[in-house]
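[1] Turn this into a model:
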Amino acid sequence: MREVCLACIGFILEMTIFFAAGRLLSKALKLKEDISLQLILGYLVYFTVLEVAVVPMTLLWVPLNRAVALWGVLLVILLAGGCFLLRRNRKQAASEKQKKTHSFRLFLGELWNRHSFMLLAAAFVVLIQCLIVILYEDTTVDATYYVGTVSTSVYTNTLGRYDPFRGGILNRFQVRYILSAYPMNNAIWCKLLGIHPIVQAKIVMSCVNVIVSNLIIYQIGKRLFDENRKKADLMLIFVCVLQLFCGTIYTAGTFFFTRSYEGKSILANIAFPAVLMCALWFYQKKDEKTVWLVLFLTAASALSFSGSAIIFPAAILAGMVPVMFMNRKFSAIPYCILCMVPSGIYAAVYFACKLGLIRLAAS
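    Numbering: from 1, shown residues only. Okay, the predicted model is just below:
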């Protein structure tokens, strides 16, 4: 029961953090978008900052408890900023309690008019997906790493310095994994709340990843069907059915349902679909500079999930270049190149380590 309560608290806190980060970014960019996009933006910002902050701390042998303290301060500041914006917006919207209630009823009425029963159907489908990823147990080598490295980090108060397979301290960091900070995010939350590593990695973050993936699919549907929410909800349901019948290990659907807590699964079901979302966004709003910032955040956050993000420039080219030709917006080429920089830096460091030009000592 204790682990269940902690898992629920962790899930709510993390989703709140993503919403606060997305809210702050939307306010800074003057974006008037729905909550779903704000959560997506918050997720991307969160893992971009995590990658920038935690990887250097890992390479400098910073203890986990110190990383937790620094990250905790950042989260408190983020939450305070999000709460301030929410309170400020509410005060601007209405000063009287009756007006607030009326405004809330209008919001619910508008939400129902836009979605109708399709919203309930989509929510039910997402709930089923969460139950599937919670109840299914995957025992591959990658699964051992994504849980094992969290466990060794938590119980040794280090950041990735112990071998998750054998338990001994590493002489050198494993360059294939150590440049991606996603597992250390789980270790930080385990230390913050006292959640067991298996629960945090396989349940809490699996459900978070499932929800964010569905929100991206919903955003893609909105842009494909001219802001028609009901059709976007229906697309979300259709994609779920499609993924359920992806029965080989080489499909995104199989990773989605059986390995949703692993880095490659997040790339396949969140990062790469986010590129398609940005491409459709750019197609609809040719002069929108914000889309390139979102794409840059997607490319940077992808590095925190898996070293496979080294191929992200190919995804950017495949998604954005055709739209440039269709919109005749070749002035956007520098932005496209800039979005490839994070993967380029990652690739340079990775191959330098492989060639022995850089040595990442762990002990």
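[2] In contact with residue 21, which residues?
    41, 42, 43, 45, 46, 78, 82 (C-beta atoms under 8 Å, 6 or more residues apart in numbering). C-beta here means a position set from N, CA and C on the backbone, and glycine is covered the same way.
[3] Next up, the contacts around the residue lying closest to it once chain neighbours are set aside.
    Distances taken as C-beta to C-beta, 6 or more residues apart in numbering place residue 42 nearest to residue 21, at 3.7 Å, with adjacent residues excluded. When contacts are counted by C-beta under 8 Å, 6+ apart, residue 42 touches 17, 18, 19, 20, 21, 22, 23, 25.
[4] give me that answer again for 7 Å
    18, 19, 20, 21, 22 (C-beta atoms under 7 Å, 6 or more residues apart in numbering).
[5] Now the residue nearest to the first one when sequence neighbours are not counted: which helix or strand?
    This means residue 18. Among residues not flanking residue 18 along the chain, residue 42 sits closest, at 3.6 Å (C-beta to C-beta, 6+ apart). Taking DSSP states H and E as the criterion, residue 42 maps to helix 35-59.
[6] tell me the centre residue of the chain?
    residue 43 (4.3 Å; C-alpha atoms, centre = their mean).
[7] Pull up the gap between it and residue 215, please.
    Plainly put, residue 43 is 9 Å away from residue 215 if you go by C-beta to C-beta, to the nearest Å.
[8] From the contact counts, what lies against the host helix or strand of residue 241?
    Under the criterion of DSSP H and E, residue 241 resides in helix 229-244. Secondary-structure packing of helix 229-244 (3 or more C-beta pairs under 7 Å, 6 or more residues apart in numbering; DSSP states H and E): helix 97-115, helix 117-135, helix 205-224, helix 252-258.
[9] Residue 159 and residue 185 touch, don't they?
    No: assessed by C-beta atoms under 7 Å, residue 159 is found out of contact with residue 185, at 10.9 Å.
[10] what about these two, which has more around it?
    Ranked by neighbour count (other C-beta atoms under 10 Å), residue 159 and residue 185 place residue 159 first, with 28 against 21.
[11] Give me the secondary structure label for that one.
    Of the three states, residue 159 takes coil under DSSP: H, G, I helix; E, B strand; the rest coil.
[12] ok now do it, which residues does it touch?
    Residue 159 neighbours (C-beta under 7 Å, 6+ apart): 57, 58, 62, 64, 67, 153, 184.
[13] ok, 6 Å please
    Residues near residue 159 by C-beta atoms under 6 Å, 6 or more residues apart in numbering: 58, 64, 153, 184.
[14] Kindly indicate which of the residues you listed lies nearest residue 360.
    Nearest to residue 360 out of the contacts of residue 159 is residue 58 (C-beta to C-beta; 9.2 Å).
[15] Tell me if I'm right that that closest one and residue 160 touch.
    Yes: using C-beta atoms under 6 Å, residue 58 is in contact with residue 160, at 5.4 Å.
[16] Compare the two (neighbour count), which wins?
    Taking other C-beta under 10 Å, residue 58 and residue 160 do not tie; residue 160 has more neighbours (26 against 23).
[17] Which ones among the contacts of residue 159 lie within helices?
    58, 64, 153, 184 (DSSP state H).
[18] And the third one, how close does it get to residue 178?
    Okay, so that is residue 153. In this view, residue 153 and residue 178 are 11 Å apart by C-beta to C-beta.
[19] Looking at these two now, which is surrounded by more residues?
    Counted by other C-beta under 10 Å, residue 153 and residue 178 do not tie: residue 153 has more neighbours, with 26 against 23.
[20] Let me see the confidence value for the more buried one.
    If you check residue 153, the pLDDT there is 92.
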